[in-house]
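Predicted model follows, preceded by the sequence.
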Amino acid sequence: MLFNSLQYLVFLPTVFFLYWILPQKARVPLLLVASYVFYCSWRPIYGLLIFGLTLANFLLVPLIDKAAKAEGGKHLAFTAKGWLWVTVVANLITLGIFKYAYFTMDMVKGGLGLFGVTWREPHLHIILPLGISFFVFEFIHYAMEVYRGKPVVKSFSALALFASFFPTQIAGPIKRYQDFVPQLSEKIKFKWEYLDEGMQLILMGLCKKVLLADNLALVVQAGFAHPENFSSVDMWLITYAFAFQIFFDFAGYTDIARGSALLFGYKVPINFNLPYLAANVADFWHRWHISLSTWLRDYLFIPLGGSKCSKILNYRNLFLTMALGGLWHGAAMHFLAWGAYQGIVLILHKEYLRLLDFVGIAKSLKENQTLAKVYHVFSVIATFHIVCIGWVFFRAENMSIAGTIIGKLMQAPLELANFSAAKLAILQIRDPIIFPALLLLLPVLMIAQPVVNWLNDKAIYKSPPWALQVGVMVLLMCIITVFSPDSSPSFIYFQF
């Protein structure tokens, strides 16, 4: 059930009305049932998967807490750390079977081939369950936090809803249980603000997804499928198009998820904070997919040793964190390459800062505000292009295509010497009226939501009358219908 489908357009209002007319004690069970209906609408059998993982974590995680409180767990079967390992490994094995079985077999087959051994791998008929990477990470977070002293969730329905909550079930944001679970026991009363702000987020998300991401997807698909048909300048424009496609696709999903949750009075974390305005790669990862980057920091980078170690070990930890983060996105070499690339540029950024400090430029930037502003602008532009090169590895179907595109991107300076706008093949992909419209909508939708949020915080903005709101919503729906492509693809992060 896609957020941008007719099914969801019927499903969400139905659950919304039932939720607010039912008594408080019936609301969590309703959302739990609705969440399983939402998930099972894709493949009912996988409802057993998320239920089984929930039950396993409900039984195993309290053993971590029990062992920690029983004098280090010395007279129990395992120590707290032992039960933590059992729980984390159980979750990772489940993720590994469904997501990395074929990838592992391909790697084994390739390794054996180096020694002249031919092996025909079995076909396991495994289909990747939607959202498994997200709810497995939420379970691991829960186990790690209990190990660190946070309280255990004693209600099975609360833990089950934490993992299966339908607005965030498929593609996040990755929730923290100590933030989400307490909301389930609060006596929430209906407020018109929930409907007002929730609908704003949902409509904003639909605009980002359908008006922008889906139209840009047509350009991106043509370019990445046949890069040989396009010039170097074309490929840069196509790469820019994917950078904005994935942003508006995933940010649109997050807006709809947050808006849907807010309709029921629940708050889930933001996931994006104007990432393409980041002045360096480290800042980019503080702004992009925030719930994942903070998860990787807290449960992978820090356990590996973090930055409280030698420089070499710090860089090793940073590289491994980003490489594994890339592999989390997909069981393929190009995702691993994307993660490794991110790790390398983060390491180079740290060395670059050391160089600036060594030659005295860092001090000059602190003392000269004008120079600092100019430097900031160039830093934002440079960071955006560094990120865009990484997106090539992320989007390409294999390393061969990625290599071809990267090669073309590097040729762009030479091609620009003989540049002619008439040679741009990218402009022939879509109706020329649509492309300028997208260029106008890009900055509008990028700044609209932060501006509205700022006005709300300053108490300057007030919700308009209901009649005007309904009119605007209808107008937006009409715009979405007019500008939407013939077929709207699923959200990019549904495959992870």
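Arrived safely.

quick one: Ala425 from Val210, how far?
Relative to Val210, Ala425 is positioned 25 Å away (criterion: C-beta to C-beta, to the nearest Å). Backbone N, C-alpha and C define where each C-beta goes, glycine included.

burial of Ile270, as a residue count?
Neighbourhood size, Ile270 [other C-beta atoms under 10 Å]: 15.

What of Leu324?
So Leu324, with other C-beta under 10 Å, has 17 neighbours.

quick one, helices of the stretch 201-350 of the chain?
For the stretch 201-350 of the chain, the helices defined by DSSP state H, counting those that start in this stretch occupy 214-225, 232-263, 281-287, 290-296, 302-304, 311-329, 333-359.

What is the longest one packed up against?
Of the remaining helices and strands, those touching helix 232-263 by 3 or more C-beta pairs under 8 Å, 6 or more residues apart in numbering; DSSP states H and E are helix 6-21, helix 192-206, helix 214-225, helix 369-395, helix 399-410, helix 412-416, helix 434-457.

Name the single longest helix found in the chain.
helix 80-114 (DSSP state H).

so how far is that one from its chain's centroid?
22 Å (C-alpha atoms, centre = their mean, to the nearest Å).

How about stretch 48-59?
Centre to centre, stretch against its chain (C-alpha atoms, centre = their mean), the figure for stretch 48-59 is 23 Å.

So for Val380, which of the helices of the stretch 201-350 of the chain sits nearest?
Closest to Val380 of those is helix 281-287 (C-beta to C-beta; 9.4 Å).

Averaged pLDDT, the closest one. What do you get?
Taken as a whole, helix 281-287 carries a mean pLDDT of 95.

and if you look at stretch 194-202?
Here the average pLDDT along stretch 194-202 is 84.

And stretch 337-348, by the same measure?
Averaging pLDDT along stretch 337-348 yields 96.

List the buried residues in that stretch.
Within stretch 337-348, the residues scored as buried using 16 or more other C-beta atoms under 10 Å are 337-347.

mind putting the helices of the stretch 201-350 of the chain in JSON lines, distance to Phe135 included?
Putting the helices of the stretch 201-350 of the chain into JSON lines (distance: least, C-beta to C-beta, whole Å) gives the following:
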{"stretch": "helix 214-225", "distance to Phe135": "26"}
{"stretch": "helix 232-263", "distance to Phe135": "14"}
{"stretch": "helix 281-287", "distance to Phe135": "22"}
{"stretch": "helix 290-296", "distance to Phe135": "12"}
{"stretch": "helix 302-304", "distance to Phe135": "20"}
{"stretch": "helix 311-329", "distance to Phe135": "13"}
{"stretch": "helix 333-359", "distance to Phe135": "20"}
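
how about those helices, which one is nearest Phe17?
Using C-beta to C-beta, the helices of the stretch 201-350 of the chain put helix 232-263 closest to Phe17, at 10.3 Å.

Could you count how many residues lie near the nearest residue to Trp285 once chain neighbours are set aside?
Closest residue to Trp285 apart from its sequence neighbours, by C-beta to C-beta, 6 or more residues apart in numbering: Ser293 at 4.8 Å. Look at Ser293: counted by other C-beta under 10 Å, it has 20 neighbours.

do Phe393 as well
When neighbours are counted by other C-beta under 10 Å, Phe393 comes out with 24.

Contacts only, for the closest residue in space to it that isn't next to it in sequence.
Distance criterion C-beta to C-beta, 6+ apart; nearest residue to Phe393, sequence neighbours excluded, is Trp338 at 3.9 Å. Shown in contact with Trp338 (C-beta atoms under 8 Å, 6 or more residues apart in numbering): 326, 329, 390-391, 393-394.

sorry, back to before: most packed of the helices and strands packed on helix 232-263?
Ranked by mean neighbour count, the helices and strands packed on helix 232-263 are led by helix 214-225 with a mean of 21 (mean count of other C-beta atoms under 10 Å).

If I take it and helix 399-410, what angle do their directions form?
Going by axes from the mean of the first three to the mean of the last three C-alpha atoms, to 10 degrees, helix 214-225 is angled at 100 degrees with respect to helix 399-410.

elements contacting helix 214-225?
The helices and strands touching helix 214-225, judged by 3+ C-beta pairs under 8 Å, 6+ apart, are helix 232-263, helix 434-457.

Pick out the shakiest of those helices, pLDDT-wise.
Least confident of the helices and strands packed on helix 214-225, judged by mean pLDDT, is helix 434-457 with a mean of 64.

what about Leu277, how many residues close to it?
For Leu277, using other C-beta under 10 Å, the count is 14.

got it, and the one 3 residues further on?
As a burial measure, the neighbour count of Asn280 was computed by other C-beta under 10 Å and equals 20.

likewise the one 3 residues further on?
Asp283 sits with 17 neighbouring residues when counted by other C-beta under 10 Å.

which non-adjacent residue is nearest it?
Nearest residue to Asp283, sequence neighbours excluded (C-beta to C-beta, 6+ apart): Thr383, at 7.5 Å.

Kindly provide the distance from the one you found to Ala163.
35 Å.

Model confidence at Ala77, what's the number?
The predicted local confidence for Ala77 is 58.

before we move on, the earlier item: which of the helices of the stretch 201-350 of the chain sits most buried?
By mean count of other C-beta under 10 Å, those have helix 232-263 as the most buried, with a mean of 24.

Residue nearest the middle of the protein, spatially speaking?
Centroid-nearest residue in the chain, with C-alpha atoms, centre = their mean: His289, separated by 4.7 Å.

Help me confirm that that residue comes into contact with Asn273.
No - the criterion here is C-beta atoms under 8 Å, and His289 misses it with Asn273 at 10.6 Å.

Can you give me every residue that contacts the nearest residue to Val380 once chain neighbours are set aside?
With sequence-adjacent residues excluded and distances taken as C-beta to C-beta, 6+ apart, Val380 is closest to Ala279, at 5.4 Å. Counting by C-beta under 8 Å, 6+ apart, Ala279 touches 376, 379-380, 383.

ok so, going back, just name the closest of the contacts of Trp338 to Pro23, please.
Using C-beta to C-beta, these come closest to Pro23 at His329, 41.9 Å.

How much space separates that closest one from Glu397?
With distances defined as C-beta to C-beta, the gap from His329 to Glu397 amounts to 14 Å.

can you check Leu424 too?
24 Å.

higher neighbour count, those two?
Neighbours were counted for Leu424 and for Glu397 using other C-beta under 10 Å; Leu424 has more, 15 against 11.

Identify the residues contacting Val10.
Taking C-beta under 8 Å, 6+ apart, one finds nothing in contact with Val10.

what does Gln342 give?
Gln342 is in contact with 281, 285, 322, 325-326, 390, counting by C-beta under 8 Å, 6+ apart.

pretty sure the residue nearest to Asp283 is in contact with Ala278, am I right?
Yes - under the criterion of C-beta under 8 Å, Thr383 makes contact with Ala278 at 5.4 Å.

Give me the common contacts of these two.
The contact sets of Thr383 and Ala278 overlap at Phe284 (C-beta under 8 Å, 6+ apart).

circling back to that earlier point, tell me which of the contacts of Trp338 is nearest to Ala34?
The closest of the contacts of Trp338 to Ala34 turns out to be His329 (C-beta to C-beta; 28.2 Å).

Show me where the chain dips below the pLDDT cut-off.
1, 71-77, 417, 419-423, 427-471, 473-474, 476-496 (pLDDT under 70).
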